[in-house]
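*Asks:* what follows is a predicted protein model with its sequence.
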Amino acid sequence: MRIESRLFYLGIILMPFIGTIAITKKIFYPLGSGLFLFALIGSFFWLIRRRRIEIPSQRVLWFIMVFVIFYFISGAVNLPSMFRSVWQGVQGIERYLLSMGLWSVEFISLLYMYNIYLSEKNARERISFFLLISFFLSAGCGVVEFISILGNNAATEVLSGIDSLYRGELFRQPFRIQSFASEPSQYSVYLVVIFPLLLFKLIKSKHILFYALSLVLFFVLLFATYSRTGYFIILIEFFGFCFFFRREIRWEKLCMFCLMLFLILGGGGNLVGDAIGGSERVVEMFATLLSNDIVFSNMSNMARFGATMAAMGIFQDHIFFGVGYDQFAFYAANYYPDWAYMSIEIVDWSTNYSGRAAWPPAFNYYVRLLAEVGFFGALAWIGVLWSVWREGWRALAVGIEYDYLKVYLIMFLGQAAILFNTSDISITNIFVAAVILAETRRLQQESFKKKEGLSDKCGITKR
């Protein structure tokens, strides 16, 4: 196995390290993670050693080019204001140029992972294997963290020893599982990548009991993150899985498993509820989305909604070209609703002074694009997502073995939904897009070889 392939698989194992790898977080935030670090190093070796670079679908590239065009048009229109704008000691043009570098790195990472997948004969099985290793590695840390939350001093010491190896000055949030990630919501974002694969293994593998217990462990960890985003995305992926694998699922066994899972989570919640908040905390968390009174008494919700409303206000004043990519922070303070200032985070983000660590986020990537690159730029981005999905969907009709493509498409549903609650593209988004495009190309190649084989058997020769 070549070094660039080994680095790719090592990056997959370290995927749970989201936002905790110091060097990548400081230079390439928000891409900083274990997967990105080794994808970056692997890309370097791959570019040096590769003689030929495989390019993804022309349709996908066309939409990427359209997005890039509007990206630069938006930047050109707003160039004078970028030189004038300063926020937290950073000039607008600096952020714009940095974003250009990040987009270049993201595209190279996409090509790298796409080409590695195509060059590996057993890429499907290997990616599946290393994703499972990454899950059990993170689950081990999560279990230690869970025991520590319950008050076990030995587990707390072990967890402190683990943290000293890589976390630096980052602290863990109390009473919430975050494993190797920088915060619980980031860990839930990682878990939604693993979920479709575990479900697939449950219905396809001979080791049903093993994967059933793995799913129970998965839901315990997900439950203890207390992440609404994770809960909702898992629900979306579950319905997507039921649709794609509706013919393979044994519904009576699935219902029995769900019943067993609810009993375990319910019983476990009652046993440890006093330590971690239990089901009452989850119910209260969902109530913040269903009741207007509770929504506006929850500071986290207020900050998110306020930031999203600010982005919408910027878009309404700059409909066609936006204010330039990564320029939201320079305008947000003038667009936050008055009620949003009840949130300490909004007050913090709207205060302009040097040395701040937190950069004002938009909390909805789609709305952020509307504000920063305008209507047509955001539409081009939707076109990129649609073209990736369409490539995978069309391949289902011609594939020889497309079970893994179904799994990747379910992952893609989750990643597209996550962008409604995050302000940046992550390396995980790029990874899922790369494996969909590569698996699609591989299925097309296998289908072509199969047709050639049938032609040879029938005595048909090519001119």
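*Replies:* Received, thanks.

*Asks:* for the rest of this, base every contact and every neighbour count on C-alpha atoms.
*Replies:* OK.

*Asks:* any weak-confidence spans in the stretch 251-400 of the chain?
*Replies:* 265-299, 354-357, 398-400 (pLDDT under 70).

*Asks:* how about 50 then?
*Replies:* Counting by pLDDT under 50, the stretch 251-400 of the chain has low-confidence residues at 290-297.

*Asks:* strands along that one, start to end?
*Replies:* With DSSP state E, counting those that start in this stretch, there are no strands along the stretch 251-400 of the chain.

*Asks:* tally of neighbours for the closest residue to Gly75 other than its chain neighbours?
*Replies:* Computed as C-alpha to C-alpha, 6 or more residues apart in numbering, the closest residue to Gly75 that is not its neighbour in sequence is Gly324, at 4.8 Å. By other C-alpha atoms under 10 Å, 29 other residues sit near Gly324.

*Asks:* quick check, Gly324 in contact with Asn78.
*Replies:* Yes - applying C-alpha atoms under 8 Å as the test, Gly324 and Asn78 come out as touching, 6.1 Å apart.

*Asks:* buried residues in stretch 9-22?
*Replies:* Using 16 or more other C-alpha atoms under 10 Å as the burial criterion, the residues of stretch 9-22 that qualify are 9-22.

*Asks:* please report how far Ala148 lies from Phe175.
*Replies:* Let me fix one detail, which is that residue 148 is Ser and not Ala. Applying C-alpha to C-alpha, to the nearest Å, the value for Ser148 to Phe175 is 9 Å.

*Asks:* again but with Leu47, I slipped
*Replies:* 44 Å.

*Asks:* between these two, which one's more packed in?
*Replies:* A count of neighbours by other C-alpha under 10 Å puts Phe175 above the other of Leu47 and Phe175, at 18 against 14.

*Asks:* got the contact list for Leu110?
*Replies:* The contact partners of Leu110, taken as C-alpha atoms under 8 Å, 6 or more residues apart in numbering, are 430-431, 433-434.

*Asks:* let's see the pLDDT reported for it.
*Replies:* For Leu110, the model assigns a pLDDT of 94.

*Asks:* tell me which element it falls in.
*Replies:* helix 92-119 (DSSP states H and E).

*Asks:* could you point out which element follows that helix?
*Replies:* Helix 92-119 is succeeded, C-terminally, by helix 123-149 (DSSP H and E).

*Asks:* and that following helix, how far from the chain's centre?
*Replies:* Centroid separation for helix 123-149 versus its chain: 16 Å, with C-alpha atoms, centre = their mean, to the nearest Å.

*Asks:* and that helix, which residues are buried?
*Replies:* With burial defined by 16+ other C-alpha under 10 Å, the residues of helix 123-149 counted as buried are 123-124, 127-128, 130-132, 134-139, 141-146, 148-149.

*Asks:* OK, contacts around Val367?
*Replies:* 308, 311-312.

*Asks:* so which of those residues wins on neighbours?
*Replies:* For those, the largest neighbour count, defined by other C-alpha under 10 Å, is 29 neighbours, found at Ala311.

*Asks:* list the neighbours of stretch 308-316 that are in contact with it.
*Replies:* 322-323, 328, 331-332, 335-337, 362-364, 367-368, 370-372, 374.

*Asks:* Asn122 versus Ile13, what's the distance?
*Replies:* For Ile13 relative to Asn122 (C-alpha to C-alpha), the value is 17 Å.

*Asks:* quick revisit: using PyMOL, define a selection of the buried residues within the contacts of stretch 308-316.
*Replies:* Command for PyMOL, covering only those of those found buried under the criterion 16+ other C-alpha under 10 Å:
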select buried, resi 322+323+328+331+332+335+336+337+362+363+364+367+368+370+371+372+374
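
*Asks:* now, the contacts of stretch 308-316 that are in helices?
*Replies:* Cross-referencing those against helices under DSSP state H gives 328, 331-332, 367-368, 370-372, 374.

*Asks:* return the member of those residues nearest to Ser5.
*Replies:* Arg368 (34.6 Å; C-alpha to C-alpha).

*Asks:* wouldn't that closest one be in contact with Ile425 here?
*Replies:* No - with contact defined as C-alpha under 8 Å, Arg368 does not reach Ile425; the gap is 11.4 Å.

*Asks:* which neighbours do these two have in common?
*Replies:* Taking C-alpha under 8 Å, 6+ apart as the contact criterion, no residue touches both Arg368 and Ile425.

*Asks:* using a markdown table, lay out the ones in helices among the contacts of stretch 308-316 together with distance to Arg304.
*Replies:* Rendered in a markdown table, the data for these read as follows (distance: C-alpha to C-alpha, whole Å):
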| residue | distance to Arg304 |
| --- | --- |
| Phe328 | 14 |
| Tyr331 | 16 |
| Ala332 | 13 |
| Val367 | 12 |
| Arg368 | 12 |
| Leu370 | 17 |
| Ala371 | 16 |
| Glu372 | 18 |
| Gly374 | 21 |
